[in-house]
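Visitor: take a look and give me a structure for this.
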Amino acid sequence: MTTAPLTELRLTPAAGRIGAVVHDVRLGGDLPAETVAAIEAALYEHKVLFFRGQQHLDDAGHEAFARLLGHPVGHPTVPSADGRYIFELDATKGVRANNWHTDVTFVPSYPKASVLRSLELPPAGGSTVWANTAAAYQDLPEPLKVLAESLRAVHTNDYDYAASLALRPELADNAEIAELFRQVFVSTAFRTEHPVVRVHPVTGEKTLLLGAFAQRIQGVSGADSRALIELFQRYVERLENTVRWDWQVGDVAIWDNRATQHYAVNDYGDEPRLVRRITLDGDLPVGVDGTPSRLLEPTEPPRVAGLVPAEELEADRTE
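Guide: Reported below is the predicted structural model:
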C-alpha cells in the first residue's frame, strides 16, 4: 500500500534551532488531510510554527482547526472563556505569563501541543519567546545528561500564581485580588512526578521537562533541588535555543508542548494584550528508563484534562 506524499509547505526558518514561519496556508477546519500532515511534520521538526494573517479565525474556527491536530481539552482548573476549550490571557485583567514554562505540567498527561491566536496587542512589546528543550538536552555535557536522566521532578500548581504571573503593579499589592487568582488556579492542587528527561513519543528525542511548575527533585533537599533545577533550566533558556516572536493581530502560533518551554515578555505597561489558546490532549511522559510519570496528589483525582482521556471528557459533555 502506498501513501500520498506530504504537501510541501513554504517555510522560512525563524531562528537557528527552533521555529519556522509557514506561508500561504489559510487555517481552518477544512484543510486537506495532506496539508495537516505536513503541518504536523513541520511542527515536530521546528517545534513552533507561526502563521501570519489569520484574522478570519473566530473561536469556532480556532477549535475546528485545532481538532485536525488532536483532541482539544480545557484547563484543569481555570474556567474556559467560551464554555468549551478556549483559555484566554487578557492583560487588562492582570495576568501576564512571564515565566518559563511548559503548559500544565502539574498533571501527568499534560497537553501535547497548543494553538494560540492573537486578538489585541500593545503598540510595542508583548512578544513571546519559545525554547527548544530537545536542543537544551543535547547541549548538556555527557555527565550532566547521565545525571538528568536519573532524576525525577515534582511539578505543582500550588504556588503563588498571582505573584509568579506578574499582576499589574496596581493589582499585585492587592491581597484580595492576588488570593482570588490563587483560588482559581489552585481550586484543585495537583502534584505530579515527571522524569527530568522525557522521551518524545513521535520523534524519539530526549527533552528536558522542567519549567515554572517544577518545584523540587525527588529524593533531594530543597536547596539542592533548586540548584539542580536552575542548572538544567539554564540550558533551556540559552539564547541559542530560543526564538522570539513579535506578534501581529491575526497571528497564530502552534508549538510542540512536549519539546518546548515559552515565556510571554511583560514589557508593555498598561497596554492591552489579548490572546486565546486551545490545548490538545497529551500522553503520559516516559523517562529514558521507561518509567512513566505519576500523579501524587490528589489521591482521588477529579475528571479533568490530563487525568482522563479527552474522549471520555467529551462524552461527559455530550451526555
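Visitor: list the contacts of the spatially most central residue of the chain.
Guide: Taking Cα atoms, centre = their mean as the criterion, D103 is the residue nearest the geometric centre of the chain, at 3.3 Å. For D103, the contact set (Cβ atoms under 8 Å, 6 or more residues apart in numbering) comprises Y110, P111, S114, N257, T279. (C-beta placed from N, C-alpha, C; glycine too.)
Visitor: burial count for the fourth one?
Guide: Just to be clear, that refers to N257. 22 (other Cβ atoms under 10 Å).
Visitor: stretch 134-152: which residues count as buried?
Guide: 134-140, 145, 147-149, 151-152 (16 or more other Cβ atoms under 10 Å).
Visitor: wait, a strand at R216?
Guide: Yes - residue state for R216 (DSSP: H, G, I helix; E, B strand; the rest coil) corresponds to a strand.
Visitor: now do the SS call for the residue nearest to it when sequence neighbours are not counted.
Guide: Computed as Cβ to Cβ, 6 or more residues apart in numbering, the closest residue to R216 that is not its neighbour in sequence is S225, at 3.9 Å. Look at S225: counting by three-state DSSP, its state is helix.
Visitor: how much space between S225 and V154?
Guide: The gap separating S225 from V154 is 9 Å, by Cβ to Cβ, to the nearest Å.
Visitor: quickly list what's touching both of the two.
Guide: Q215, R216, I217.
Visitor: pLDDT and neighbour count added to those residues, as a markdown table?
Guide: Below are the shared contacts of S225 and V154 laid out as a markdown table (pLDDT from 0 to 100; neighbours: other Cβ atoms under 10 Å):
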| residue | pLDDT | neighbour count |
| --- | --- | --- |
| Q215 | 93 | 18 |
| R216 | 95 | 18 |
| I217 | 98 | 21 |
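Visitor: out of those, the closest to H62 would be?
Guide: Q215 (32.1 Å; Cβ to Cβ).
Visitor: which residues does R277 contact?
Guide: I86, F87, E88, L89, S114, V115, L116, R117.
Visitor: and the nearest residue to Q54 once chain neighbours are set aside, how close does it get to L239?
Guide: The shortest distance from Q54 to any non-neighbouring residue, by Cβ to Cβ, 6+ apart, is to V252 (4.7 Å). From V252 across to L239, the span is 25 Å (Cβ to Cβ).
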